[in-house]
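Colleague: quick check, what structure comes out for this input:
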Amino acid sequence: MATYESMKSEVRQYMLKIQELDADRNEHSLVVNTIKDLDPNRRCFRLIGGVLVERTIKEVLPAVKKNLEGIHSMIQKLTEVLKKKQEELDAYQEKYDIKPARQLDQRVKAAEQRERKAPSAKSGGVLA
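Modeller: Numbers count the residues shown, from 1 in each chain. Sure, this is the predicted structure:
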């Protein structure tokens, strides 16, 4: 069961990292779309490692575009790895017949509903 939990945790970590990179990608796209039509000699500020640096748009735009491409390729690679890890997790679940908690909850609820709908064997008849 520890192996299953570690596999599940690994899949979850990949999902979180992809979400984080997707947010970074959206932020970089917003910056590129905002500054691409501005004067290339206009000054702008860029945060690099916690330090705000003054540059011009012609210096910053290529770097931001390069970062955007890197983020995009990293998302693609992580998505491929995530698919493989998810397939491994699914195969492990099937091999050892592991049911996630929500599937078990659904089965328990379905069984309870069947019991309520089925007529009870005990009748409350009157003996005379």
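Colleague: name the nearest residue to the most centrally placed residue in the chain, sequence neighbours excluded.
Modeller: Residue closest to the average C-alpha location in the chain (C-alpha atoms, centre = their mean): Met15, at 3.2 Å. Distance criterion C-beta to C-beta, 6 or more residues apart in numbering; nearest residue to Met15, sequence neighbours excluded, is Leu82 at 6.6 Å. Any C-beta I mention is one placed from the backbone N, CA and C, and that applies to glycine too.
Colleague: tell me, how many residues neighbour that neighbour?
Modeller: Residues within reach of Leu82, counting by other C-beta atoms under 10 Å, total 17.
Colleague: related to what we said a few turns ago, by contact count, what packs against the helix or strand containing the residue nearest to the centre of the chain?
Modeller: Here Met15 sits within helix 2-35, counting by DSSP states H and E. Secondary-structure packing of helix 2-35 (3 or more C-beta pairs under 8 Å, 6 or more residues apart in numbering; DSSP states H and E): helix 57-95.
Colleague: now the angle between helix 2-35 and the helix it packs on, please.
Modeller: Helix 57-95 and helix 2-35 meet at an angle of 160 degrees, taking axes from the mean of the first three to the mean of the last three C-alpha atoms, to 10 degrees as the criterion.
Colleague: many thanks, have a good one.
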